[in-house]
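Asker: sequence unknown, structure follows:
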């Protein structure tokens with residue numbers, strides 16, 4: 001009988017361990033079974049260098065969404081960036097969207113500078129005022145390989 005109790009306790013321990021590992025995998029992977037209240041916006045940038053899918057979207061340093069997709073617009077030949085914004089955040093149509101860098105060589109993210117308009121963007125709308133990121137590599141390359149030598 002004593003062996004039977006040990007097997008039951010070991011079985012319970014294994015089941016609790018598997019459930020705990022499953023929870024941790026879902027929590028760390030940020031898996032959501034229920035869709036969040038979000039809406040899509042998109043903007044066109046001359047350059048989206050270094051920006052990646054899943055990057056943060058911020059207003060005033062607070063994360064309000066993520067970059068959903070980055071592609072090339074074949075008609076305009078510019079980068080089209082689609083991002084998801086939390087549903088409780090309202091973005092006016094005169095807001096400025098910029099690709100910024102966290103620190104000197106940090107990750108790229110989208111920063112939205114709010115405008116003053118009363119017209120609020122809705123799901124699928126385009127933000128007209130965009131600013132591309134500063135490409136530090138090309139600036140350094142120009143400085144190093146400049147032909148103007150004293």
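Answerer: Okay, I see it. Computed from a prediction, not measured in an experiment: that's the story for all the values here.
Asker: just checking, what packs against the lowest-mean-pLDDT helix or strand in the chain?
Answerer: Sorted by mean pLDDT, DSSP states H and E, the helices and strands of the chain end with helix 136-144, the least confident at a mean of 75. Applying 3 or more C-beta pairs under 8 Å, 6 or more residues apart in numbering; DSSP states H and E, we find helix 136-144 packed against no helix or strand. C-beta here means a position set from N, CA and C on the backbone, and glycine is covered the same way.
Asker: show the end-to-end separation of stretch 124-139, please.
Answerer: Start-to-end span of stretch 124-139 (C-alpha to C-alpha, to the nearest Å) is 35 Å.
Asker: which residues sit against it?
Answerer: If you take C-beta atoms under 8 Å, 6 or more residues apart in numbering as the criterion, stretch 124-139 is touched by 39-51, 91, 93-101, 105, 108, 112, 115, 121.
Asker: pull out the buried members of those.
Answerer: Neighbour-count burial (16 or more other C-beta atoms under 10 Å) is assigned, among these, to 39-45, 48-51, 91, 93-95, 97-101, 108, 112, 121.
Asker: which one is the residue nearest to the spatial centre of the chain nearest to, not counting chain neighbours?
Answerer: Nearest residue to the geometric centre of the chain (C-alpha atoms, centre = their mean): residue 55, 2.4 Å. What sits nearest to residue 55 in space, not counting adjacent residues and going by C-beta to C-beta, 6 or more residues apart in numbering, is residue 67, at 4.3 Å.
Asker: the helices in the protein, which residues?
Answerer: Using DSSP state H, the helices of the chain run over 2-28, 136-144.
Asker: how about those in JSON lines, adding distance to residue 75 and mean neighbour count?
Answerer: Output for these, formatted as JSON lines (distance: least, C-beta to C-beta, whole Å; neighbours: other C-beta atoms under 10 Å):
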{"stretch": "helix 2-28", "distance to residue 75": "40", "mean neighbour count": "9"}
{"stretch": "helix 136-144", "distance to residue 75": "25", "mean neighbour count": "10"}
